[in-house]
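Chemist: need coordinates for the below:
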Amino acid sequence: MPDMSVTLGRLRLANPILVASGTFGYAREMIGLVDFSKLGGIIPKTVTRVARAGNPPPRTVETASGMLNAIGLDNDGIEHFISHHLPYLATLPTAIIANIAGKTEAEFTEMAEMLAGVKGIVAVELNLSCPNVAGGHDFATDPKVTAAIVSSVRRVCPFPIIAKLTPNVTNVVPIAQAAADAGADAVSLINTFVGMAIDWRKRRAVLGNKTGGLSGPAIKPLALRIVWQVSRAVRVPIIGVGGISTIDDVMEFLVAGASAVQLGTVNFFDPTASMRIVEALPGAVASLGATSVREIVGTVAG
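Modeler: Just a heads-up that it's a prediction; the model follows:
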């Protein structure tokens, strides 16, 4: 049996299969469908400094090989997360990685400092790249801003830091480099692509927010390319995200350069997919003659 453990900077996980923020709720929703002990980790829904109502409906729409969502970070705020959701999450037999989003650098820092003193989480993922927040900013479009937020959070938070970056730029490499230089333990590549759906008969946008984030199998080739590019240019562990729904998808991301992966949209249409993938992973790794999952990371030819 190959060794499935992975290391992302200061973060060590039992295996590389994570479930993505915003697609798994706060884990309670998946009781009876998923054996949490088999996952490498859970990333609960993004939380903000204060409660948010999110965007007006409709908030989701199915597209060819994917979906658009414009939820708008609907949540009850970080204080509610710490008092209500975290006590339950802390009881689960897997790693919990909190995901936070702020309107400013100061908000990111304040939330990270609030989490610094709590038990039950092993790392913090910074949502620097939500593309569908009304009045929000996609911080990860600017290397300097990305570096400033990561550096500020690193100063106040003892947990490993993961920067979740956007694909909605010309080149992700300098932004990933900025995050790494500022002290990020890993980067998540990628968040959703900005997209749109239109009802031509009514001559209006389908989503209440007009635009939303495209996810699902449609974006996998683009996410795979970005993981490959960053892995060749930046010395930082990568968590691959984008259209992953099968063991073949997982293996493609690993050999492209990702040390771990997140399953996202698949949780909506096939919530037990993570269990089949976890079970299939050791055999897939062994089929390459490897004795650990770490041996195959970034081994794609060329």
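Chemist: show me where the stretch 51-200 of the chain has helices.
Modeler: For the stretch 51-200 of the chain, helices defined by DSSP state H, counting those that start in this stretch occupy the ranges 78-80, 86-89, 105-116, 143-156, 173-181.
Chemist: wait, which of the ones you listed is closest to residue 9?
Modeler: Ranking the helices of the stretch 51-200 of the chain by proximity to residue 9 (CB to CB) places helix 173-181 first, at 9.4 Å. To be clear about C-beta, it is placed using only N, CA and C from the backbone, and glycine gets the same treatment.
Chemist: before we move on, the earlier item: including mean pLDDT, could the helices of the stretch 51-200 of the chain go into JSON lines?
Modeler: Below are the helices of the stretch 51-200 of the chain laid out as JSON lines (pLDDT from 0 to 100):
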{"stretch": "helix 78-80", "mean pLDDT": "98"}
{"stretch": "helix 86-89", "mean pLDDT": "98"}
{"stretch": "helix 105-116", "mean pLDDT": "96"}
{"stretch": "helix 143-156", "mean pLDDT": "97"}
{"stretch": "helix 173-181", "mean pLDDT": "98"}
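Chemist: how about residue 214, what does it touch?
Modeler: 63, 66-68, 192-195 (CB atoms under 8 Å, 6 or more residues apart in numbering).
Chemist: and it, what pLDDT?
Modeler: Residue 214 carries a pLDDT value of 97.
Chemist: check which helix or strand it maps to.
Modeler: In this structure, residue 214 sits in strand 211-215 according to DSSP states H and E.
Chemist: thinking again about what came up before, out of the contacts of residue 214, which are inside strands?
Modeler: Applying DSSP state E to the contacts of residue 214, the entries found in strands are 63, 66-68, 193-195.
Chemist: let me have those in TSV, extended by distance to residue 206 and pLDDT.
Modeler: Shown next, in TSV, are those (distance: CB to CB, whole Å; pLDDT from 0 to 100):
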residue	distance to residue 206	pLDDT
63	10	96
66	14	96
67	11	97
68	8	97
193	16	95
194	14	94
195	11	95
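Chemist: I'd like those residues laid out as a markdown table, including neighbour count and distance to residue 156.
Modeler: Below are these laid out as a markdown table (neighbours: other CB atoms under 10 Å; distance: CB to CB, whole Å):
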| residue | neighbour count | distance to residue 156 |
| --- | --- | --- |
| 63 | 17 | 39 |
| 66 | 21 | 37 |
| 67 | 21 | 36 |
| 68 | 26 | 35 |
| 193 | 20 | 32 |
| 194 | 17 | 31 |
| 195 | 22 | 35 |
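Chemist: turn the residues you listed into TSV, columns for distance to residue 6.
Modeler: Conversion of these to TSV gives the following (distance: CB to CB, whole Å):
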residue	distance to residue 6
63	32
66	27
67	28
68	31
193	26
194	30
195	31
